[in-house]
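In: Quick one: sequence and predicted model below, then my questions.
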Amino acid sequence: MLLARADGRRVPARATVYRTLKLLRSAGLADAVNLDDGATRFERAADRPHHDHLRCTACGSLVEFVDERIERLQQAIVRKHGFIPTGHRMEIFGLCPRCARRRRAGTGKGRSS
Ligand SMILES: [Zn+2]
Ligand SMILES: [Zn+2]
């Protein structure tokens, strides 16, 4: 979608840019990374080797990893379903070691779930 401006030039709307990035992301061409402040930065996947994420839900820290077994398993699943993959994004949410320690030591309420 293009917005027609008064001077007749057409500029892409900001929402369009985000939609395009979303499409790129779903195609595996860009990874969206949510920053601590809630802003979203887009990494261009083409510039970097593929990686998956561990995200700490307490401090927002992000660990990048690649495990060939996971990648291969995903390929196998995709093939089994006759699916043509264009990319994937995996994020595991949880607590980083530091936050897990802090939580255990913290309030002493000892939630063990
Ligand atoms: Zn992966
Ligand atoms: Zn953390």
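Out: Good, I have the coordinates. Since the model is a prediction, treat every value here as computed from it, not as a measurement. Residues are numbered from 1 along each chain as shown. Ligands and ions are numbered 1, 2, ... in the order given.
In: What about Arg98, how many residues nearby?
Out: 12 (other C-beta atoms under 10 Å). Any C-beta I mention is one placed from the backbone N, CA and C, and that applies to glycine too.
In: Please pull out the lowest mean pLDDT helix or strand from the chain.
Out: For the chain, counting by mean pLDDT, DSSP states H and E, strand 30-34 ranks last in confidence among helices and strands (a mean of 54).
In: domain assignment for this structure?
Out: Listed by automatic domain parsing, the domain ranges of the chain are 1-48, 50-107.
In: Lowest average pLDDT across those?
Out: Comparing mean pLDDT across the domains of the chain, the weakest is domain 1-48, with a mean of 60.
In: does any part of the helix or strand hosting Ala100 sit near ligand 2?
Out: Assigned by DSSP states H and E, Ala100 belongs to helix 97-105. Yes: judged by C-beta under 5 Å from the ion, helix 97-105 comes into contact with ligand 2 at Cys99.
In: Only the buried residues of that helix, if you could.
Out: Of the residues in helix 97-105, those with enough neighbours to count as buried (16 or more other C-beta atoms under 10 Å) are Cys99.
In: Run through the neighbouring helices and strands of that helix.
Out: Judged by 3 or more C-beta pairs under 8 Å, 6 or more residues apart in numbering; DSSP states H and E, helix 97-105 has no packing partners among the helices and strands.
In: which residues in this structure form strands?
Out: Counting by DSSP state E, the chain has strands at residues 2-4, 10-12, 30-34, 40-44, 52-56, 62-65, 91-94.
In: Ligand 2 contacts on this protein?
Out: Contacts of the chain with ligand 2, taken as C-beta under 5 Å from the ion, map to Cys56, Ala58, Cys59, Ser61, Cys96, Cys99.
In: Can you say which of these are buried?
Out: Buried members of the residues of the chain next to ligand 2, scored by 16+ other C-beta under 10 Å, are Cys56, Cys96, Cys99.
In: Settle this for me: Glu64 is touching Asp52, isn't it.
Out: Yes: between Glu64 and Asp52 there is a contact at 7.3 Å, judged by C-beta atoms under 8 Å.
In: This completes my enquiry, with thanks.
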